[in-house]
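In: prediction below, plus the sequence it came from.
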Amino acid sequence: MPLRPKKTAKAKKAKKPAVRATAKKARKAKKPAARKTAKKAVAKKFSAKKTVKKQKQGKSKSAKTSSKKAANKRVAKTPVEKTTWRICPEISQSVLQTDTWKKGDLKIEHLKVYRTGWIIVDQLPDLSGYNPDEGINIFEEFEFAEHQLHDGANEASIFPNELAAEERARLHALSEAELEDEGWTLESVTRFKGPLLVEQV
């Protein structure tokens, strides 16, 4: 009979440390779990921020590329084709160039006839009042950036009567620069005469 209470006392003593041990383990287990969950939450916040930034960057890039493509399409849609016309005399030797040198009351004319010539204009001119016998001064009547004269011949010079033959020969031998140095000024006129040919090029 006296042995029974001793056993129960030992059993109670043995149970207490087991309860304490489980409580400590539970506390230890709870602390790291809480820390881990907190870290996970922070990590989620950072990842959320990164995804937002990536989305924003993607949107801005797409807007830029779309605007560039739109600009390129606009440029490609509006090609400008320039239309030009070529004007030349129909009859050979109908291009006349007259160089007039003036000094005071004196005047010297040099005439030169070309076999043919042409000009390129950007706008179709109105030639309704053109007189084929009189011709047209191409440098006054047309605006052009390109022209050519071919095969000049039949040159002639007209001097004033008051100049002696020796002075005429001397002046005829001078170059344009030398005439300018002596005070002569030049006025040049190039005329197309006869019927004109106008064609689109």
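Out: Now that the structure is in, tell me what you want to look at. These numbers come from a predicted model, not from an experiment.

In: any chance you could map the strands in the protein?
Out: 85-89, 95-103, 106-121, 136-137, 144-158, 185-192, 196-200 (DSSP state E).

In: check those strands for me and report the most buried one.
Out: Highest mean neighbour count of the strands of the chain: strand 85-89, a mean of 19 (counted as mean count of other Cβ atoms under 10 Å). All C-beta atoms are positioned from the backbone trio N, CA, C, and that covers glycine.

In: partner strands of it, parallel or antiparallel?
Out: strand 106-121 (antiparallel), strand 196-200 (antiparallel) (DSSP bridges).

In: sorry, back to before: reformat the strands of the chain as TSV; add distance to L127.
Out: Listed next are those as TSV, based on distance: least, Cβ to Cβ, whole Å:
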stretch	distance to L127
strand 85-89	8
strand 95-103	16
strand 106-121	11
strand 136-137	8
strand 144-158	14
strand 185-192	10
strand 196-200	7
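
In: which stretch in these is the model least sure about?
Out: Least confident of the strands of the chain, judged by mean pLDDT, is strand 144-158 with a mean of 88.

In: what strands line up against it, and which way round?
Out: Assessed with DSSP bridges, strand 144-158 is paired to strand 106-121 (antiparallel).

In: now the angle from the partner strand to strand 95-103?
Out: Inter-element angle recorded for strand 106-121 and strand 95-103: 140 degrees (by axes from the mean of the first three to the mean of the last three Cα atoms, to 10 degrees).

In: by how many degrees do strand 106-121 and strand 185-192 diverge?
Out: Using the same axes, to 10 degrees: strand 106-121 against strand 185-192 is 40 degrees.

In: care to break the chain down by domain?
Out: What automatic domain parsing lists as the domains of the chain is 1-80, 85-200.

In: roughly how far apart are S188 and F142?
Out: 15 Å (Cβ to Cβ, to the nearest Å).

In: likewise for A164?
Out: Taking Cβ to Cβ, one finds A164 at 41 Å from F142.

In: these two: which is more packed in?
Out: Higher neighbour count among A164 and F142: F142, with 16 against 9, using other Cβ atoms under 10 Å.

In: show me the contacts for that one.
Out: 87, 119, 121, 125 (Cβ atoms under 8 Å, 6 or more residues apart in numbering).
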